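*Asks:* kindly return the folded structure for what I paste below:
(2 chains)
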Amino acid sequence: ILNVEQSPQSLHVQEGDSTNFTCSFPSSNFYALHWYRWETAKSPEALFVMTLNGDEKKKGRISATLNTKEGYSYLYIKGSQPEDSATYLCASNPNAGNMLTFGGGTRLMVKP
Amino acid sequence: GAGVSQSPSNKVTEKGKDVELRCDPISGHTALYWYRQSLGQGLEFLIYFQGNSAPDKSGLPSDRFSAERTGGSVSTLTIQRTQQEDSAVYLCASSLGQVATGELFFGEGSRLTVL
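*Replies:* The predicted model follows:
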């Protein structure tokens, strides 16, 4: 994988559903994997910065896991709420160094 | 304010004109990024400044684009002879430095429309 890729591109769920989406990134020269939430008309906000293989981080109903050997991260949302509706972005450094490259994002829409 | 500040928030210009977009990062943040999001696209990296090092300009789409960062603080992104395909939201972000530890703090963006 040469680029940071996210799937699915969009997702519609009902309030209360749990959901997850994927970020794939180059596993060589890995430094860090970032997750951001971007709500409409607002700035992207950081959710997690992850660096260690096997790491798992949690913030409220949102959690993320990291596999640096195979180059993927999962973001989980438990019991989705309408306010979780946003685009979720992941970013890594596929060319080594400190420059972050973003995936195309997963747009989540939670219906009440 | 304490956050990343960008101006203007909206800019409408005619094809062929030059535009300047400004970013004022969080004080003390050594790293500064410019990204853009065109309609229906993801965040596209443009340029990265880190302290006094030479910037990483590998994402600039053409020589009409340039950016500078004065005194390690404020940055200006300049687009010369704008084209319609330059229409996008231009986002600036800053961080304490290393991507392994420093999350990015984004501004609210400058929406550029080229007629």
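*Asks:* nearest spatial neighbour of the residue positioned nearest the centre of chain B, skipping sequence neighbours?
*Replies:* A centroid search over chain B (Cα atoms, centre = their mean) returns B:Trp34, at 3.1 Å, as the residue closest to the centre. Nearest non-adjacent residue to B:Trp34, counting by Cβ to Cβ, 6 or more residues apart in numbering or on different chains: B:Leu46, 4.2 Å away. (Each C-beta comes from the backbone N, C-alpha and C, glycine too.)
*Asks:* was I right about the one you found contacting B:Leu32?
*Replies:* No: judged on Cβ atoms under 8 Å, B:Leu46 makes no contact with B:Leu32 at a distance of 11.1 Å.
*Asks:* that older thread, what separation do you get for the residue nearest to the centre of chain B and B:Asp86?
*Replies:* 13 Å (Cβ to Cβ, to the nearest Å).
*Asks:* can you name the next helix or strand after the helix or strand of chain B at the bottom of the mean pLDDT ranking?
*Replies:* Here the helix or strand of chain B ranked lowest by mean pLDDT, DSSP states H and E is strand B:43-50, holding a mean of 90. Counting by DSSP states H and E, the next helix or strand C-terminal to strand B:43-50 is strand B:65-69.
*Asks:* ok, residues contacting that next one?
*Replies:* Residues lying outside strand B:65-69 but in contact with it, judged by Cβ atoms under 8 Å, 6 or more residues apart in numbering or on different chains, are B:32, B:34, B:46-47, B:49, B:55, B:57, B:60, B:75-80.
*Asks:* tell me how far stretch B:84-104 lies from the chain's centre.
*Replies:* Relative to its parent chain, stretch B:84-104 has a centroid offset of 7 Å by Cα atoms, centre = their mean, to the nearest Å.
*Asks:* now it: mean pLDDT?
*Replies:* Stretch B:84-104 shows an average pLDDT of 87 in the prediction.
*Asks:* ends of it, what's the gap?
*Replies:* Distance across stretch B:84-104, first residue to last, is 29 Å (Cα to Cα, to the nearest Å).
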